[in-house]
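Participant: just to be clear, the model below is a prediction. Sequence and coordinates:
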Amino acid sequence: MPFVEAVWLALAQIRVQKLKSFFTLLGVCIGVMFLIAVISIVQGMSSYMENDFAAKMLGVNTFTLRRFPWFGDGASSEEEWRSWLRRPRIYHSDLPLVASAVPEGSRYAVESQEFLQAQTQWARPKQVEAHAVDGDYFTIKKYDVHSGRLFTPQESQLGAPVVVIGDEVAKYFFPDLDPLGRPLRIKGMPYTVIGVLEKQGSVFGLSLDRVAIAPYNSPLHHFTNPRGDVDGIMVQTASALTMEDAMESVREVMRGRRKLRPSDPDNFFMETSASALAFMDKLKKVMTVAGTAFPAIGLVVGGLVIMNIMLVAVAERTREIGIRKSLGARRRDIMRQFLVEAATLSTLGAVIGILLGILIAKVVEWKTPLPAAIAPWSIVLATLLGTIVGIISGVYPAKRAASLDPIEALRKE
């Protein structure tokens, strides 16, 4: 029997026995559905972390000198966390030393941030992400304004009470108004709005447009870091290669400044996109293992269901098999018919599962902060898995059908 004819015969059987066919392909459909959904979410998160999170939150070719890491999976134990808290703080006075250690042409900036309450006469008080910054902060973060301007070096040095705000802050505190030149009070202190940043979007549901950025020397840094320290010193180099050299240079001068012996571990941390994404790599591995283990169980169950249904089909169609054999059908023709039928059922279930999996991934992306990205290789893999499950499940029923004695089969009522 030609392969195409066998496929059409299998599809005809599916149309005739719709309910039985539905239950036959249900297990494979569910297994593939979850496989596609999980892979899509994992792929989306991975791409999002690498392209958006790392670039927007940490910067390209950038490392940040901190007291301890901000991003990642955190301390491995309470003892490690306590040791981090005992570390010396990072201060603005460390900036000249860091600047002297990095290659020429590098950019550097101080960041100091905290959620503080802001208010205007046109809106109710609300918390904003307040930043007191110095140096090349806007260049490193790739921030630009769509209206107004950034503060000048002179304003930064003098600590002028000026502020650059995000798009969300502008719309909330100055509804239907031009915010430029208007006052915004942060912790009761008035700042004049001089610029509004271009819309940045969000990272995992955290808005990047809820910011208010003022010079470090302005009163704002007393509220973002009351102890007088800073959250970090950012350094951006021309390339990833020079960044590694810069990190080693900064490590040497910081260890010298803090009089650490060669056997002493660093009591500071230099955070990069790679260190921040290390946690994502661990999470991705766990999700991939879990996301393939559960669908694998569904595929095994689906395979067993297909085998049982096909055995029932052999029993129901015994007389048909006897007639075909008496008319000259060979063992391999009978085997091919039942194998193709099982594979067609399973592949059809896989195709339906792929469509449902894509739908689930898109719904998750729409309703939650989790991004999703459909990987073409996962669609090919899911289709192949469906076909292979069908072939493996159909082998035994096909052998049973092919081994029937035609005379005995014809006697079957």
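Facilitator: Okay, I see it.

Participant: going forward, measure contacts between C-alpha atoms and count neighbours the same way
Facilitator: Fine.

Participant: which residues does the residue nearest the centre of the chain contact?
Facilitator: The residue lying closest to the centre of the chain (C-alpha atoms, centre = their mean) is residue 45, at 1.0 Å. Residue 45 makes contact with 370-372, according to C-alpha atoms under 8 Å, 6 or more residues apart in numbering.

Participant: can you pull the phi/psi pair for it?
Facilitator: Main-chain dihedrals, residue 45, degrees, to the nearest 10: phi -60, psi -40.

Participant: residues near residue 251, how many?
Facilitator: Here the number of neighbours of residue 251 (other C-alpha atoms under 10 Å) works out to 19.

Participant: the one 3 residues further on now?
Facilitator: Here the number of neighbours of residue 254 (other C-alpha under 10 Å) works out to 20.

Participant: which helices and strands does the longest helix seen in the chain pack with?
Facilitator: Across the chain, the longest stretch assigned as helix under DSSP state H is helix 273-316. Contacts defined by 3 or more C-alpha pairs under 8 Å, 6 or more residues apart in numbering; DSSP states H and E place helix 273-316 against helix 18-48, helix 331-367, helix 376-402.

Participant: try it again with 7 Å
Facilitator: helix 18-48, helix 376-402 (3 or more C-alpha pairs under 7 Å, 6 or more residues apart in numbering; DSSP states H and E).

Participant: please indicate which of the contacts of residue 45 are buried?
Facilitator: Buried by 16 or more other C-alpha atoms under 10 Å: 370-372, out of these.

Participant: report the lowest-confidence entry in those.
Facilitator: Lowest pLDDT of these: residue 370, 70.

Participant: quick check: it is in a strand.
Facilitator: No - with DSSP: H, G, I helix; E, B strand; the rest coil as the criterion, residue 370 is coil rather than part of a strand.

Participant: run through the bridge partners of residue 163.
Facilitator: Beta bridges link residue 163 to residue 193 when assigned by DSSP bridges.

Participant: what's around it, how many residues?
Facilitator: 30.

Participant: and it, what is it in contact with?
Facilitator: Shown in contact with residue 163 (C-alpha atoms under 7 Å, 6 or more residues apart in numbering): 191-194, 212-214.

Participant: for these, which one is nearest residue 146?
Facilitator: Distance to residue 146 across those (C-alpha to C-alpha) is lowest for residue 194, with 11.4 Å.

Participant: so for that closest one, what's the pLDDT?
Facilitator: For residue 194, the model assigns a pLDDT of 96.

Participant: repeat for the one 3 residues further on
Facilitator: For residue 197, the pLDDT comes out at 94.

Participant: the residue lying closest to it once chain neighbours are set aside: neighbouring residues, count only.
Facilitator: Distances taken as C-alpha to C-alpha, 6 or more residues apart in numbering place residue 145 nearest to residue 197, at 4.1 Å, with adjacent residues excluded. The number of residues packed around residue 145, counting by other C-alpha under 10 Å, is 18.

Participant: give me the phi and psi for residue 145.
Facilitator: Dihedral pair for residue 145: phi -100, psi 140, per degrees, to the nearest 10.

Participant: all further residue positions should be reported with the first residue as 867.
Facilitator: Noted, 867 is the first residue going forward, which turns the last one into residue 1011.

Participant: that one reaches residue 1062, doesn't it?
Facilitator: Yes - between residue 1011 and residue 1062 there is a contact at 5.4 Å, judged by C-alpha atoms under 7 Å.

Participant: in which helix or strand does residue 1127 reside?
Facilitator: When elements are assigned from DSSP states H and E, residue 1127 belongs to no helix and no strand.

Participant: so where's the stretch 1017-1166 of the chain shaky on pLDDT?
Facilitator: Low-confidence segments of the stretch 1017-1166 of the chain, defined by pLDDT under 70: 1069-1071, 1141-1146, 1149, 1156-1157.

Participant: where do the strands sit along it?
Facilitator: Applying DSSP state E, counting those that start in this stretch to the stretch 1017-1166 of the chain gives strands spanning 1028-1031, 1049-1052, 1055-1063, 1068-1069, 1072-1073, 1077-1081, 1098-1102, 1135-1137.

Participant: among those strands, which is nearest residue 1229?
Facilitator: strand 1068-1069 (18.0 Å).

Participant: select from the helices and strands packed on helix 1139-1182 the stretch with the lowest mean pLDDT.
Facilitator: Mean pLDDT values for these show the minimum at helix 884-914, a mean of 78.

Participant: what's next to the helix or strand following that helix, contact-wise?
Facilitator: As assigned by DSSP H and E, the chain's next helix or strand after helix 884-914 is strand 928-932. Contacts of strand 928-932 with the rest of the structure, by C-alpha under 7 Å, 6+ apart, involve 956, 1097-1103, 1134-1138.

Participant: where does pLDDT dip in the stretch 1167-1279 of the chain?
Facilitator: Low-confidence segments of the stretch 1167-1279 of the chain, defined by pLDDT under 70: 1182-1184, 1187, 1191-1195, 1235, 1270-1279.
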